[in-house]
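Student: Sequence plus the predicted model coming up.
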Amino acid sequence: MNQLKKYLGIFWMVLGPVTIYFLIKMAAGEIRLKPDIDTKIQWGVFVIIFIPIALGMTLFGYYALQGEYEKDIES
């Protein structure tokens, strides 16, 4: 199970930056198609809100890869 957590840690570390890339790429494409101020505000909010979430996924993956979630909690 601990090995699975480490593999999933790699997955989360890769998923964070990849999702940021595709979100910004999609936002740029949508803004290019419809350059209204409403579209710019909407996609700007999406990007600003999602970047910390994606960075959190990357940090979670880093800790999983380092084995931080292998420690047993004593009752």
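Tutor: Perfect, thanks for sending it.
Student: Tell me the pLDDT of Ala64.
Tutor: Looking at Ala64, its pLDDT stands at 88.
Student: which strands and helices sit next to the host helix or strand of Phe22?
Tutor: Element membership of Phe22, judged by DSSP states H and E, is helix 2-33. Secondary structure elements in contact with helix 2-33, counted by 3 or more C-beta pairs under 8 Å, 6 or more residues apart in numbering; DSSP states H and E, are helix 37-66. C-beta here means a position set from N, CA and C on the backbone, and glycine is covered the same way.
Student: What helices and strands are in contact with the helix it packs on?
Tutor: When contacts are defined as 3+ C-beta pairs under 8 Å, 6+ apart, helix 37-66 packs onto helix 2-33.
Student: Give the buried residues for the helix it packs on.
Tutor: Neighbour-count burial for helix 2-33 flags Lys6, Leu8, Gly9, Trp12, Met13, Leu15, Gly16, Thr19, Ile20, Leu23, Ala27 (criterion: 16 or more other C-beta atoms under 10 Å).
Student: For the residue most central in space within the chain, give me its contacts.
Tutor: The centroid of the chain falls nearest to Ala54 when counting by C-alpha atoms, centre = their mean (2.0 Å). By C-beta atoms under 8 Å, 6 or more residues apart in numbering, the contact list for Ala54 reads Leu15, Gly16, Pro17, Thr19, Ile20, Leu23.
Student: shouldn't the fifth one be in contact with Ile51?
Tutor: Looking back up the chat, that one is Ile20. Yes. Counting by C-beta atoms under 8 Å, Ile51 is a contact partner of Ile20 at 6.1 Å.
Student: Adding pLDDT and distance to Glu70, write the contacts of Ala54 out as JSON lines.
Tutor: Shown next, in JSON lines, are the contacts of Ala54 (pLDDT from 0 to 100; distance: C-beta to C-beta, whole Å):
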{"residue": "Leu15", "pLDDT": "94", "distance to Glu70": "21"}
{"residue": "Gly16", "pLDDT": "93", "distance to Glu70": "21"}
{"residue": "Pro17", "pLDDT": "94", "distance to Glu70": "25"}
{"residue": "Thr19", "pLDDT": "95", "distance to Glu70": "26"}
{"residue": "Ile20", "pLDDT": "95", "distance to Glu70": "28"}
{"residue": "Leu23", "pLDDT": "95", "distance to Glu70": "32"}
